[in-house]
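>>> The following block contains a protein sequence and its predicted model.
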Amino acid sequence: AQTVTQSQPEMSVQEAETVTLSCTYDTSESNYYLFWYKQPPSRQMILVIRQEAYKQQNATENRFSVNFQKAAKSFSLKISDSQLGDTAMYFCAFEGGSEKLVFGKGTKLTVNP
Amino acid sequence: DTEVTQTPKHLVMGMTNKKSLKCEQHMGHRAMYWYKQKAKKPPELMFVYSYEKLSINESVPSRFSPECPNSSLLNLHLHALQPEDSALYLCASSQGSVAALREQFFGPGTRLTVL
């Protein structure tokens, strides 16, 4: 069974600075997808970024980028130029051959002014 | 239209009540999901419908009964719930069963309180 581990329950960062959220996973599958989802307080969960395991190039979306290390089974999220609106729970998620998303326990990120 | 809508936003019910949660999407997605989320926890998968057929039931108690009347609509019928069933219920959809199309879009959720 796949597992996803987020080792940082809470993090904080100053506005405009850079922060990295960690995620590791365990799987025996060779083809899979990894996601970072953001859930602001009392608001909708939205997809931040997605990475296909067969792609060597790290995904980027504006201020968000990932460091995907397939051999190490690591998938960290870097947020540059942090903004107050980035305050949220961030969930790392894995999807392999089934229709199930496996979520990590989440990291609560607070961006301070 | 790129959103998943859920009604009601909030629901309070007694343990003997029967109620339903509704989820709708008009993105042409063929897979729809129900999740349960407790505070400060990740979503837990309950059910998956693929092409209007139930494809995954994560051993959910029978007091939760899903229904997919058509490809745009997903219901969750609730009966004889327990206080521990109080949670945020999230609906999600994705384009289909092929892995490349399984990026999930989430609705805002229904906050359920069972008294």
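That came through fine.
>>> going forward, measure contacts between C-alpha atoms and count neighbours the same way
Fine.
>>> Surely residue B:92 touches residue B:29?
No - if you go by Cα atoms under 8 Å, residue B:92 and residue B:29 don't touch, sitting 9.9 Å apart.
>>> Counting neighbours, go ahead and name the busier of the two.
Neighbour tally, residue B:92 and residue B:29, criterion other Cα atoms under 10 Å in any protein chain shown: the higher count belongs to residue B:92, 27 against 21.
>>> in what helix or strand does residue A:76 lie?
Element membership of residue A:76, judged by DSSP states H and E, is strand A:74-79.
>>> Show me what that strand is packed against.
In terms of contacts (3 or more Cα pairs under 8 Å, 6 or more residues apart in numbering or on different chains; DSSP states H and E), strand A:74-79 is packed against strand A:19-21, strand A:24-26, strand A:64-69.
>>> In its sheet, which strands sit next to the next helix or strand after that strand, and in what direction?
Following strand A:74-79 in sequence order, the next helix or strand is strand A:88-95 (DSSP H and E). If you go by DSSP bridges, strand A:88-95 pairs up with strand A:33-39 (antiparallel), strand A:102-103 (antiparallel), strand A:107-112 (antiparallel).
>>> which helices and strands does the helix or strand of chain B with the lowest mean pLDDT pack with?
Of all helical and strand segments in chain B, the minimum by mean pLDDT, DSSP states H and E falls on strand B:53-57, at a mean of 91. Other elements packing on strand B:53-57 under the criterion 3+ Cα pairs under 8 Å, 6+ apart are strand B:44-50.
>>> same question for the strand it packs on, mean pLDDT?
The average pLDDT within strand B:44-50 is 94.
>>> Go through it and flag the buried ones.
B:44-50 (16 or more other Cα atoms under 10 Å in any protein chain shown).
>>> For the residue of chain A found nearest chain B, pull up the helix or strand it's in.
In chain A, no residue comes nearer to chain B than residue A:44, which is 4.6 Å away by Cα to the nearest Cα. Under the criterion of DSSP H and E, residue A:44 resides outside all helices and strands.
>>> Help me confirm that it comes into contact with residue B:110.
No - applying Cα under 8 Å, one finds residue A:44 not in contact with residue B:110, separated by 10.8 Å.
>>> Quick one: name the residues of chain B near chain A.
B:41-43, B:45, B:48, B:97, B:99, B:102, B:104-109 (Cα under 8 Å from any Cα of the partner chain).
>>> try 6 Å this time
Proximity of chain B to chain A, by Cα under 6 Å from any Cα of the partner chain, involves residues B:42, B:106, B:108.
>>> which among those gets closest to chain A?
Closest to chain A out of these is residue B:108 (4.6 Å), distances taken as Cα to the nearest Cα.
>>> Got the confidence number for the spatially closest residue to the closest one that is not a sequence neighbour?
Computed as Cα to Cα, 6 or more residues apart in numbering or on different chains, the closest residue to residue B:108 that is not its neighbour in sequence is residue A:44, at 4.6 Å. Listed pLDDT for residue A:44 reads 89.
>>> count of neighbours near residue A:44?
15.
>>> any idea how far residue A:89 is from it?
11 Å (Cα to Cα, to the nearest Å).
>>> my guess is residue B:92 meets residue B:105, correct?
Yes - look at residue B:92 against residue B:105 with Cα atoms under 6 Å: they come within range, at 5.2 Å.
>>> Sweet, I'm off.
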